[in-house]
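In: Sequence plus predicted model, see below.
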Amino acid sequence: MVNYGIVGCGMMGREHIQNIALLPQGRVAAVYDPVPELAQSAAQQAGGAQVCPSLEALLAIESLDALVIVSPNDCHVPQLRQIAATRPLPVLCEKPIYTAPEDEAFLRDFARSYPAPVWVAMEYRYMPPVALLRDEVAEATGGIAMLTIREHRFPFLPKVGAWNRFNARTGGTLVEKCCHFFDLMRLILRDEPVRVMASAGQAVNHKDEVFDGKAPDIWDNGYVIVDFARGTRAMLELCMFAEGARYQEEISAIGPRGKIEALVPGPGRFWPAHLGDAPVPQVIVSPRVPKGPRLVEVPVDPTLLAAGDHNGSTFYQHERFNAVVRGEGRPEVTLEDGIAAVRMGLAAQQSAATGQAVAL
Ligand SMILES: NC(=O)C1=CN([C@@H]2O[C@H](COP(=O)(O)OP(=O)(O)OC[C@H]3O[C@@H](n4cnc5c(N)ncnc54)[C@H](OP(=O)(O)O)[C@@H]3O)[C@@H](O)[C@H]2O)C=CC1
Ligand SMILES: O=C1CO[C@H](CO)[C@@H](O)[C@@H]1O
């Protein structure tokens, strides 16, 4: 049995707790959140976990085998520092692994010296339609020439303390939201980015909001083009005022043989009941010759679908992290992957702010 300590009991913390409960060899033993009511309610959700008044107190619990960091983005690096100095347990840390460029050097050292496994959470990798696209992409395309990821979704949700409204706390929308997609680009293309060009801004959302006298500075839409070392190009299109769309993510890869797409719905809880069942994920393979797109539905196990907002992926990721903690295998999403995704996001933020391409 793996005993987990949860650091941060907000929306995503609750999704982690729900999915750990589905693991045959996992239980949440302790939780910490600066808001005591949130910690209490998460402890109850976990079936009676110990509530700790601080991260220090949580790290002092002997029975813990692993930690899950689900605090706001700018807390991840300071908490990793504290954990390394106190009790270096295996860690699953939510994305983005860092938010400020100056933290990259620390994380590279940390990656070399931390004595236990660290896995950066990248749920999109584990969504069944995305996993199927990855399995079939080489055969369907004959070698990818272009990769496009479109996310058309709902605006940023309200958060305690409005931490997700300010670049200083999130790293910026192209880091906070889009590090998932930059990670997918590297994973699907099996290549490294060399140049990033972006145009992005705030068009619709959060315009009337004020927090402590300050207006949000996050963006709600943008395009990012990325050149990869072997000559492939990838593009991200983000729109955060498109929750009316049937699918939230549309990923397409095209090569000399044909095209493959994955269509991924957003959180089922946002699909209005009067429209009937929520959309089912799809993968479509469209060869050039002979023409004739083939569509496969990729339904997600209903229990896993109900355990969060991410198409069952949080469970699949936990299943593998749980095995790593038990000594079976190594982290699939490494600190190097987490750093690479943030570097691309920060480069995109810089490119959009300056109007210049950024070389990596
Ligand atoms: N991979 C994915 O698909 C998703 C990942 N995430 C990631 O999960 C993390 C949390 O996001 P989310 O759950 O949406 O945010 P929430 O604001 O809902 O939850 C974050 C929680 O952490 C608490 N918190 C604040 N400071 C600390 C601290 N120093 N130590 C421990 N807890 C703290 C907050 O309490 P308070 O602010 O009241 O002090 C809040 O309860 C983020 O890194 C986010 O990027 C989120 C959604 C999806
Ligand atoms: O990483 C993320 C993925 O999905 C969430 C919503 O469910 C986002 O808002 C979050 O930042």
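Out: Done, it's in. Ligands and ions are numbered 1, 2, ... in the order given.
In: Spell out which parts of the stretch 51-200 of the chain neighbour ligand 2.
Out: Residues of the stretch 51-200 of the chain found near ligand 2 (Cβ under 6 Å from any ligand atom) are 176-177, 180. Where you see a C-beta, it was placed from the backbone N, CA and C, and this is true even at glycine.
In: anything in stretch 1-8 sitting right up against ligand 1?
Out: Yes - against ligand 1, stretch 1-8 shows contacts by Cβ under 6 Å from any ligand atom at 7-8.
In: Now do that stretch, average pLDDT.
Out: Averaging pLDDT along stretch 1-8 yields 98.
In: Just give me the neighbour total for the residue in the stretch 251-360 of the chain that ligand 2 sits nearest to.
Out: Across the stretch 251-360 of the chain, the shortest distance to ligand 2 (Cβ to the nearest ligand atom) belongs to D309, at 4.1 Å. The local packing of D309 (other Cβ atoms under 10 Å) involves 17 other residues.
In: try A111
Out: 15.
In: who's in contact with it?
Out: By Cβ atoms under 8 Å, 6 or more residues apart in numbering, the contact set of A111 is 118, 334-336, 339.
In: go on, V324?
Out: 90, 117, 119, 330-331.
In: ditto for T86
Out: Going by Cβ under 8 Å, 6+ apart, T86 touches 56, 59.
In: run the last query once more with 10 Å
Out: By Cβ atoms under 10 Å, 6 or more residues apart in numbering, the contact set of T86 is 55-56, 58-60.
In: Neighbour-wise, give me the winner out of those.
Out: These, ranked by neighbours (other Cβ under 10 Å): first place L58, 24 neighbours.
In: for the helix or strand where that one lies, packing partners?
Out: Here L58, judged by DSSP states H and E, is contained in helix 55-59. Identification of packing neighbours for helix 55-59 by 3 or more Cβ pairs under 10 Å, 6 or more residues apart in numbering; DSSP states H and E yields strand 2-7, strand 26-32, strand 50-52, strand 66-69, helix 76-86.
In: Need the residues that contact the third one.
Out: Contacts with strand 50-52, where a contact means Cβ under 10 Å, 6+ apart, come from 5-7, 9, 28-33, 36, 38-44, 57-61, 63-64.
In: What subset of those residues is buried?
Out: 5-7, 9, 28-33, 38-39, 41-43, 58-59, 64 (16 or more other Cβ atoms under 10 Å).
In: just to revisit the earlier point, redo the contacts of A111 as TSV? Include distance to Q282, pLDDT and neighbour count.
Out: Listed next are the contacts of A111 as TSV, based on distance: Cβ to Cβ, whole Å; pLDDT from 0 to 100; neighbours: other Cβ atoms under 10 Å:
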residue	distance to Q282	pLDDT	neighbour count
V118	34	98	26
T334	30	98	15
L335	33	98	23
E336	32	98	13
I339	33	98	20
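In: Just to be sure, which of the residues you listed are found in helices?
Out: 335-336, 339 (DSSP state H).
In: Just send those back as CSV, with distance to ligand 2 too.
Out: Output for the ones in helices among the contacts of A111, formatted as CSV (distance: Cβ to the nearest ligand atom, whole Å):
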residue, distance to ligand 2
L335, 18
E336, 19
I339, 17
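In: of the residues you listed, closest to G171?
Out: I339 (12.3 Å; Cβ to Cβ).
In: Who does G222 form a beta bridge with?
Out: Beta-bridge pairing for G222 (DSSP bridges): A200, L238.
In: what's the distance between the residue nearest the centre of the chain and F181?
Out: Central residue of the chain (Cα atoms, centre = their mean): M122, 4.0 Å from the mean position. Between M122 and F181 the computed distance is 10 Å (Cβ to Cβ, to the nearest Å).
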